[in-house]
Each structure stands twice: as C-alpha cells, then as structure tokens.
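A.B. asks: pasted the sequence and its predicted model underneath.
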Amino acid sequence: MIRAAAVALFLAASAVAASAACVEGPISALTMKDGATARVVSRKGQKIVLEHNAMAETWRQELWLGVFPVWTLLPEGRITWRYDMSLPKIGAFKPGATIVQTGRMIQPNGQTEDISTEVTVEREAINKIGGCKYRVLRLMVRQTVEGRLVSIAQQDLHLPSLLVLHIVNIDPRTGKRQPDLVARVE
C-alpha cells in the first residue's frame, strides 16, 4: 500500500504548468510535454478540482490550496485524505512559514495509512515561462506515509489559480534533483 500511497501523493504534486501564451488571472488547463493534461473542473474558495489525463488513464483530484490532497478518484477507486486539524487558510502561506498537516489516507480497499504533509514557504518569486511572468510562492513540500518520507518537491504555487506552475522532484533517498516537470498553460 505504501507504493499506492506514493503514487497518489505524486499525482497530487504533478499538476504543473508553464506557458506558451500569457494568461491573466486563473489558469484553466495545463498540457505537459508528454501530452498529459490537467483541466480545472471547478474552483470554490480554497479548493480546486482537476481532471487529469495521462498514461492512457483519466482521474479527478480535489486539492486544498493546490497543495493538500483531499481526494483522488482513480480508475480503481477513491483515495481520501482526512486531516487531524483544519486545513490552512491562504493567508498562512507567507515567506518563512512552515505548515504541517497530519492525518490519514484511506485507500479504495478501506486500508488507512498515517500521512504527513509539510509545506515550507521559501519565498515569493517570479516564474518566467514562455516569455510570460507569473508571481508565485516557492514551496518545499515533504510528504510521508507511515512515517516514511515518500516525496520531496520544490513547487511554484500560482495563488490566483491554486495551481503549481513548476515542480522539481527530489529523490527522497539520495537528495538528487530530478528533471523539472514543465507544461504549457491553456
């Protein structure tokens, strides 16, 4: 189940964007270099629902502030995250802040696993993509399942969209940076 949990956490972090054309305000769709897509189905307050299409599969995912997974609906069933305390408000995302959320992840078969997501807001930044400039918050996101670190990623969060515009995954075992994940905004 830890492998399934790692995949689910990776999916939560894999909605990344870049741009071929400048978009003012919220971004509604992303297309990755490999053809994978993420389309915004709905936004309500600090929640966003995305529909992903990659590797010949389609799934939906709800995220809080673009970082904390709430649920993921995969072909094999729904994964749900239940946090021990209220999720943070957007105002908590200030440079220097560290936000830790703990709880449980419930797999489609009913098995539960203890989870933790730690988000450190490193700084405000400008993400230049395809000649366009987007104001973002640079985050370092660490995720654990059953006390085991399964994911580290540097993410650039675009607050108007609640979407991550750029991501660099870091191998939790070696600390080596993986190739950047880049897409275009639609």
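C.D. replies: On my side now, so go ahead.
A.B. asks: help me confirm that G91 is found in a strand?
C.D. replies: No: using DSSP: H, G, I helix; E, B strand; the rest coil, the assignment for G91 is helix, not a strand.
A.B. asks: so how far is R148 from it?
C.D. replies: 31 Å (C-beta to C-beta, to the nearest Å). Any C-beta I mention is one placed from the backbone N, CA and C, and that applies to glycine too.
A.B. asks: more neighbours: those two, which one.
C.D. replies: Here G91 and R148 are compared on neighbour count by other C-beta atoms under 10 Å; more neighbours surround R148, at 13 against 7.
A.B. asks: quick check: bridge partners of the more buried one?
C.D. replies: Per DSSP bridges, residues listed as beta-bridge partners of R148: V145.
A.B. asks: pLDDT value on it, please?
C.D. replies: pLDDT recorded at R148 is 95.
A.B. asks: pull the number of nearby residues for the closest residue to L87 other than its chain neighbours.
C.D. replies: Computed as C-beta to C-beta, 6 or more residues apart in numbering, the closest residue to L87 that is not its neighbour in sequence is W64, at 4.6 Å. Neighbouring residues of W64 were enumerated by other C-beta under 10 Å; the total is 20.
A.B. asks: now the helix or strand where L137 lies: average pLDDT?
C.D. replies: In the assignment (DSSP states H and E), L137 maps to strand 132-145. On average, the pLDDT along strand 132-145 is 92.
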